[in-house]
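In: dropping a prediction and its sequence here:
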Amino acid sequence: MSPKIKNNIPILTTLSIFIIDLILILTTHLNWNNAMNKYLPLKSQIQTFKSDISTGHLWFEEAIAGDKYIDLENDVMLKFKHKEFFVYIDNSKNVLKSDEDLFFYTNLKKIKEKANNFYELANKRWNNVLENGIGSDSDQIFDKEFNSMILLVDELNRHIDKRISQELQDREQYFKFILILFFLLNSIVFVVLYFTKLNKMKYEAELYEEKKRAEITLYSIGDAVITTDEKGYILFLNPIAQKLTEYSLEEAKGKYLDEVFDIFNEQTKEKVDTPVKRVLEEGIIVGLANHTALKSKNDNVYSIEDSAAPIKDEKGNILGTILVFHDVTEQTKLRKKLNYNEKMMMQQSKLASMGEMLENIAHQWRQPLSTITTAASGIKVEKEFNLLTDESFEKNIDEVLRSSSFLSKTIDDFRDFFKPNNEKILFNINTLLTNALNIISSKFKYYDVQIIKNCEDIQIRGFSTELLQVFITILNNSNDALSDVKKEEKMIFIDAFKSDKKVIIIIKDSAGGMKDSLLHRIFEPYFTTKHKSQGKGIGLYMVEEIITKHMNGRINVCNKDFEYNNTKLRGLEFTIELYID
């Protein structure tokens, strides 16, 4: 449960109980008020009617007895009419409409009928008195109707008293129930508040412990940590951050981050904005660019890596930021050293390749130079003995020109290999493989190595010179391994084809492979199975570096058993995968 909900529990509970109490009190009052609005006015009307009828009856009898001071029309007959009571009876239909009140409304209508009848009897009796004197039969009928009406009024009045008494008892019982319920509900409130307070105290204790643990974690963490508020002003620095910035927490607290976290680009020396600015603006996690350095208060410089993240509340509002960074000065130095070593190994690889290329040039040039020397010597000898004919001269000159042209072409092939190229270009894989074979073709002829090539014309963008070095290194290794194999089994197979968005290049030989226990070390630097005079063990290391890091591809090697022209063969198979842009 979230802290916000926990804090609202007592408020919501108290409010709920208050509403329930209010509803109960209002309900009780409304029920009692409705009952009293029905029965008290009814009782008042009945008592008033009885009093008026009784008084009118008394005065009527005194008027008959000869009391001259009684105004029969105004003092007696108006009371017998009782217009207000009859209006009340007519209006009570809307008030006394429930089933339990039907009895009262029915008896009120009976009383109204008797009152009208009594009024007519009064008029009739008075006329009889005036005509016949006192003591006629109408006197007994009149008195009987009066007594019947008073009995009906008294009966109705008793029922009203009984109903009011019942309402009072119900109200008392209901009030007791309300008191008990009120006590129970407020007891629940007390218990809820009590346990809420306990939970709040427990939560605050847990929050305090969590805060302490967080502080201990931030103090103990191996990285430097700086936290800021939502405007970028520093709230906290852990000891590592204090060590690197050379600001104490007291010095840094309240300062704007840029004043303490002074960073710049190591290569350009230009000042760099802290990632906290983007975090506060965009609410995202931001990391520093490469080659970022921190200048401390005392102008000490540290290479750093860092990232900054927003601190948000439950609604996603940014409350501040947390900046985590660490010193990578030693790693940067080591990385520079590794880059330097890699460049040196690349240079060694180039030098080794140059040695092999010079050897290949020597192989390629030996035959044409021999031809040129033989032709020139022949011309000189024939000239000395006057045996040189035009036909012989032209024949030897053609041979010299043909051999010179071959030498020129060889120079062009080798020049492409040594030409530096730091930009990716579009080239043809099949053409590049052909160039590699041409460069070392003399070695293949010397060792009687047969090349079986099956390559598609595939265009790819990359570093052609470096990939040419890869092909030459693998082919040279295969050629060297085939030196001790029977002539009829000296073969190198080259396949290149397109698969999805990749070009697959497979180069395998029939040299018998190598021990499985050593195969996994084949791309290690300075690992070689050759004699030290024949190899330094950096060729295949550079092959893997070029393919994986420069060409963003993959290279694998395995021992492969296969069959060619019904002959079972075994050798190393190199598989190169390059992505096509």
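Out: Cool, the structure landed. The model shown is predicted, which means the values in this text are computed figures rather than measured ones.
In: when you work out contacts or count neighbours from here on, use the C-alpha atoms and nothing else.
Out: Fine.
In: which stretches in the chain count as strands?
Out: Ranges of strands in the chain, per DSSP state E, are 224-229, 234-237, 262-265, 286-287, 292-295, 301-312, 318-327, 425-428, 450-455, 459-462, 491-499, 502-509, 554-564, 567-579.
In: may I see these organised as CSV, with mean pLDDT added?
Out: Shown next, in CSV, are the strands of the chain (pLDDT from 0 to 100):
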stretch, mean pLDDT
strand 224-229, 87
strand 234-237, 87
strand 262-265, 86
strand 286-287, 78
strand 292-295, 86
strand 301-312, 82
strand 318-327, 83
strand 425-428, 92
strand 450-455, 94
strand 459-462, 92
strand 491-499, 94
strand 502-509, 95
strand 554-564, 94
strand 567-579, 94
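In: is it possible to get a markdown table of those that adds mean neighbour count?
Out: Listed next are the strands of the chain as a markdown table, based on neighbours: other CA atoms under 10 Å:
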| stretch | mean neighbour count |
| --- | --- |
| strand 224-229 | 23 |
| strand 234-237 | 22 |
| strand 262-265 | 20 |
| strand 286-287 | 19 |
| strand 292-295 | 22 |
| strand 301-312 | 20 |
| strand 318-327 | 20 |
| strand 425-428 | 14 |
| strand 450-455 | 15 |
| strand 459-462 | 18 |
| strand 491-499 | 18 |
| strand 502-509 | 22 |
| strand 554-564 | 15 |
| strand 567-579 | 18 |
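In: format those strands as CSV; extra columns: distance to Asp67.
Out: Converted to CSV, the strands of the chain look like this (distance: least, CA to CA, whole Å):
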stretch, distance to Asp67
strand 224-229, 105
strand 234-237, 108
strand 262-265, 122
strand 286-287, 115
strand 292-295, 126
strand 301-312, 101
strand 318-327, 101
strand 425-428, 143
strand 450-455, 150
strand 459-462, 140
strand 491-499, 137
strand 502-509, 137
strand 554-564, 139
strand 567-579, 136
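In: between those strands, which one is nearest to Gln140?
Out: The minimum distance between Gln140 and the strands of the chain falls on strand 301-312, with 99.4 Å, by CA to CA.
In: neighbouring contacts of that closest one?
Out: Contact with strand 301-312 is made by 244, 266, 275-276, 279-280, 283-288, 290-295, 318-329, 332, as judged by CA atoms under 8 Å, 6 or more residues apart in numbering.
In: got the residue ranges for the helices in the stretch 251-400 of the chain?
Out: Secondary structure of the stretch 251-400 of the chain, counting by DSSP state H, counting those that start in this stretch: helices at 257-260, 275-282, 329-384, 390-418.
In: please read the previous query as pertaining to the stretch 101-250 of the chain.
Out: Per DSSP H, counting those that start in this stretch, the stretch 101-250 of the chain carries helices over the ranges 102-132, 137-220, 239-245, 249-252.
In: could you tell me the least trusted of the ones you listed?
Out: Lowest mean pLDDT within the helices of the stretch 101-250 of the chain: helix 137-220, a mean of 76.
In: between helix 102-132 and that helix, find me the angle.
Out: 160 degrees (axes from the mean of the first three to the mean of the last three CA atoms, to 10 degrees).
In: can you check what angle separates helix 137-220 from strand 224-229?
Out: Using the same axes, to 10 degrees: helix 137-220 against strand 224-229 is 150 degrees.
In: these two touch, right, Gly513 and Leu572?
Out: Yes - assessed by CA atoms under 8 Å, Gly513 is found in contact with Leu572 at 4.7 Å.
In: need the overlap of contacts for those two.
Out: Common neighbours of Gly513 and Leu572 (criterion: CA under 8 Å, 6+ apart): Asn559, Lys560.
In: what would the helices of the stretch 101-250 of the chain look like in a markdown table with mean neighbour count and distance to Ser442?
Out: Formatted as a markdown table, the helices of the stretch 101-250 of the chain follow (neighbours: other CA atoms under 10 Å; distance: least, CA to CA, whole Å):
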| stretch | mean neighbour count | distance to Ser442 |
| --- | --- | --- |
| helix 102-132 | 17 | 130 |
| helix 137-220 | 15 | 67 |
| helix 239-245 | 21 | 62 |
| helix 249-252 | 15 | 73 |
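In: what's the closest of the ones you listed to Asp561?
Out: Nearest of these to Asp561, taken as CA to CA: helix 137-220 at 57.6 Å.
In: ok, now which ones touch His506?
Out: Careful, residue 506 is Ile; it's not His. Phe493, Ile494, Asp495, Ala496, Glu573, Phe574, Thr575, Ile576.
In: of those, closest to Lys112?
Out: Closest to Lys112, out of all of these and judged by CA to CA, is Ile576, at 118.1 Å.
In: pairing partners for the closest one in the sheet, please.
Out: Taking DSSP bridges, one obtains Ile505, Ile555 as the residues bridged to Ile576.
In: these two touch, right, it and Thr548?
Out: No - in this structure Ile576 lies outside contact range of Thr548 using CA under 8 Å: 9.8 Å.
In: which residues do these two both contact?
Out: What both Ile576 and Thr548 touch, as defined by CA under 8 Å, 6+ apart, is the set Arg554, Ile555.
In: one step back: out of the strands of the chain, nearest to Asn107?
Out: strand 301-312 (76.3 Å).
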